[in-house]
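Q: Compute the structure for the input listed below.
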Amino acid sequence: MKRLFETLYARPLAVLVVLIAITGLSILSVVSDFRIESDIAEAIEGRSQAYADFEAFEAQFGAPSKDEVYMVRAADFGAGDALVALEDLVIELTLTEGVLGVISVFSLPDPDGEAFSYLTRADLAGLSDADRLDRVYAESPLARQVISADRTTTLVSVIPDLSLPFEDRETALATALSYADPGLEIRPIGLSALQRAVSDGLIDDLMFLLPMTILICLVISLAVFRSWRAALICTVPAVLGLIWTFGAMAALGIAFTAVLAISPAIIVVLGISDSIHLFNAMAHRLKAEPRAKAIVNGAVETLPAVFLATLTTVLAFASLRIVGSPTLTDLAIVGSLGLTLTLLAVMATVPVASRVLIPVDGAQREAASFGSVSRLAIRLLRHRRIIAPLALVVLAGLLVGQTQTEPGFSITDHVPHRTQFRESLDALNEKLPGSDQMFAVIEAADDDEGVSAADRERLRAASLALYGTTRAFPEDLDDLPFDNASVRRFLGPEGAAFALPVAASLSDNESETLAQAEAVRARLAEAGLSEHSKVTGYMLMSATEVPLLVWEMRAAFYVAVGLVTVMAAFLLRSVRLALVSLVPNLIPILGVEVWLLVLGQPLTITSAIGLTIAFGIAVDDTIHLLNRLRLARTSLAHPSREEMATAISATVPPVVTTSMILFAGLGMTVFSALPSAALFGQLVAGAMVLALVADLFLFPSLLAWWDSWKEETR
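A: Below you'll find the predicted structure:
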């Protein structure tokens, strides 16, 4: 290892050329192939019956989750020319390229079969627009799902031709909407719009939040080292590692998603933290050694701890692969690969940059000493007989508390803050029973082609159970065009099944969605249809799948704990040290999880990911303390109080500095457009503060107490 750093130090130009080449190729890869995707369902594993039911439903009824849904508002659709303007909009959308059909108040079926649309019935022709809409609202249960009682808000759903490229469909729809009457306010709503909002939030984070994260870390480095040279040396490797990671993602075809939004900040702050540990060791040796020797020796003594710290976080990311979710697999790959590339960037850049920027005969300041922190940590060693058992009691209490947490899900956790979409969602929920739908899928009563008398009887029973009336669909469904996209939304091919829509809200959380689905099943059961029906929908599928995913991620967390413990026992050659080190590393993670319980917040996908990754990061401080203890003596077994004090004094400056970097860098995610990313950053940042306290004020006492207890029991 020493020879490697001597080689790097001796050939700065060659290293620089390699760094520039790799960075250039990465940028080229990003420019040509980097993709952003926002389908939240990609994070779902798809092994439950709910997922299978949803996939079968989408295949049979034309994928309603892919529809483009618009909220259209006017002062009153029953006054003036507002209804005519709405009809013109629907006609324009229907004739647009890439549109298979449009579902609106004009496509509500006439239950008597006199006309295709309820609004075109002959007995409504002489009424005013207001009276026609009020009549339809009163008589058609489906109308209440698409137009508000005050006639100011309606939904228009566009069924897209998914065989056409998305960009072409989007352009054509934008053109059609541009022809709409200025008196109509049109806002995209629904799942497709939500996913676009998430995509916009991802772009905003990349363009604004990520640079701000790098900047705040740079400022903290500058304040702690009081040297612009040191700040650059510690920041540049992390930026290079991030660029390389994005380049690798593009080359591997991995899209940037809402779940992966957490990875750039992790890569940056950990890259800077690793650089700080290396650089601080070099700066310490510059007090007594020539520049070349100080840089090489400082890197050699610190790199083992930096390597182990990176490895623990890599293992935490890798543990996510056991869940099996496509997106979490991508996160495992990106996190592991990104941290590995960043470590290589740190190893290659810090020695070379130090040679270039540090004067030959000039000493370089170390990080601020934080002497008061060191003195407090050393003083607490005197009370190890109290502190160590107390730490164990706290850990036991947190383990018990963790068993009380429950998984949860709300799709709005991924909806960007302060966006028109969120405002539209709130406005729609005030006027209509829901911005989304779940569906009661009713099986045909027999195998006859078309819609038989038995099928019609079953459909009437289902309509009565769900809507309180049998007048929801035409009596003679055979007259409807089966190949019409709008008809196919509720009538399966050749009448093999029926999909009855039930209004649902994208704003509902997991419990509310499951409760509504259970209520629908209960009504169908009362009608004797429980064996002939299924309830499904995007939100219901997600509300069923996500908690299962969270429980599997809980298993991934324990896998990460096990992997890190085994690795620590092997590398430290001490099962005792590995087990004792678990206490300060589990306390901050379990503490944050129990805090969620106190706040009444469920354990979401984001929370579960954050806690798993936070554990991998929390181990870092422990590793660096053990590394300094190793350097202070020939063996880690039975350290004396003096040796422990020496290790603490050497560890505190870089550990406190890197904790500040981690807290500030990850804390910047509170400004993320995505609530899920903000939650992740808050959880991990909070865990880092607790980890710092546990490692400096609890771990030394645990080590010392364990040794004294063993001596007393011999």
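Q: Every contact and neighbour count from this point should use C-alpha atoms.
A: Noted.
Q: where does the stretch 301-450 of the chain dip in pLDDT?
A: Along the stretch 301-450 of the chain, the parts satisfying pLDDT under 70 run over 324, 360-368, 418.
Q: List phi and psi for the residue minimising distance to the centre of the chain.
A: For the chain, the residue sitting closest to the mean C-alpha position, by C-alpha atoms, centre = their mean, is Val259 at 3.2 Å. Dihedral pair for Val259: phi -70, psi -40, per degrees, to the nearest 10.
Q: Go ahead and confirm Trp270 touches Leu662.
A: Quick fix: residue 270 is Leu, not Trp. Yes. Assessed by C-alpha atoms under 8 Å, Leu270 is found in contact with Leu662 at 7.3 Å.
Q: and stretch 112-126, C-alpha only, in PDB?
A: What follows is stretch 112-126, C-alpha atoms only, in PDB (Å, rounded to 0.1, in the frame of the first residue of the first chain):
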ATOM      1  CA  ASP A 112     -81.800   3.100 -21.000                       C
ATOM      2  CA  GLY A 113     -79.700   2.500 -24.100                       C
ATOM      3  CA  GLU A 114     -81.500   5.200 -26.000                       C
ATOM      4  CA  ALA A 115     -78.300   7.000 -26.700                       C
ATOM      5  CA  PHE A 116     -74.600   6.300 -26.400                       C
ATOM      6  CA  SER A 117     -74.200   9.200 -24.000                       C
ATOM      7  CA  TYR A 118     -76.500  10.200 -21.200                       C
ATOM      8  CA  LEU A 119     -76.200  13.900 -22.100                       C
ATOM      9  CA  THR A 120     -77.500  13.200 -25.700                       C
ATOM     10  CA  ARG A 121     -80.800  11.600 -24.600                       C
ATOM     11  CA  ALA A 122     -83.800  13.000 -26.400                       C
ATOM     12  CA  ASP A 123     -85.600  13.900 -23.200                       C
ATOM     13  CA  LEU A 124     -82.700  16.200 -22.200                       C
ATOM     14  CA  ALA A 125     -82.500  18.000 -25.500                       C
ATOM     15  CA  GLY A 126     -84.900  20.800 -24.500                       C
END
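Q: coming back round to it: so the residue nearest to the centre of the chain touches Thr329, yeah?
A: No. The criterion here is C-alpha under 8 Å, and Val259 misses it with Thr329 at 10.5 Å.
Q: Of all the residues in the lengthiest helix in the chain, which ones are buried?
A: Counting residues, the longest helix found in the chain (DSSP state H) is helix 538-572. Neighbour counts over helix 538-572 (16 or more other C-alpha atoms under 10 Å) mark 538-557, 559-561, 563-569, 572 as buried.
Q: and it, what does it pack onto?
A: Here helix 538-572 touches helix 49-61, helix 291-318, strand 436-443, helix 510-526, helix 575-599, helix 605-632, going by 3 or more C-alpha pairs under 8 Å, 6 or more residues apart in numbering; DSSP states H and E.
Q: Tell me which of the ones you listed lies nearest to Ser192.
A: Among those, strand 436-443 comes nearest to Ser192, with 11.1 Å by C-alpha to C-alpha.
Q: On the C-terminal side of that closest one, identify the next helix or strand.
A: Sequence-wise, the next helix or strand downstream of strand 436-443 (DSSP states H and E) is helix 453-467.
Q: which residues are contacting that next one?
A: 141, 442, 444-446, 469-472, 475, 498, 500, 502, 520, 523-524, 526-527, 529 (C-alpha atoms under 8 Å, 6 or more residues apart in numbering).
Q: again, only this time at 7 Å
A: Residues outside helix 453-467 that contact it (C-alpha atoms under 7 Å, 6 or more residues apart in numbering) are Pro141, Ala444, Ala445, Thr469, Thr470, Ala472, Arg523, Leu524, Ala527.
Q: how about it: buried residues?
A: Asp455, Arg456, Arg458, Leu459, Arg460, Ala461, Ala462, Ser463, Leu464, Ala465, Leu466, Tyr467.
Q: Okay, Lys67 and Asp161: tell me how far apart.
A: Rather than Lys, residue 67 is Asp. With distances taken as C-alpha to C-alpha, to the nearest Å, Asp67 is found 10 Å from Asp161.
Q: Overlap in contacts, those two.
A: If you check Asp67 and Asp161 against C-alpha under 7 Å, 6+ apart, no residue is contacted by both.
Q: Just want to know which of the two has more residues nearby.
A: When neighbours are counted by other C-alpha atoms under 10 Å, Asp67 comes out ahead of the other of Asp67 and Asp161, with 23 against 18.
Q: quick one, what contacts the more buried one?
A: Per C-alpha under 7 Å, 6+ apart, neighbours of Asp67: Ser157, Val158, Ile159, Pro160, Ser192.
Q: Show the pLDDT at it.
A: You'll see Asp67 listed with a pLDDT of 89.
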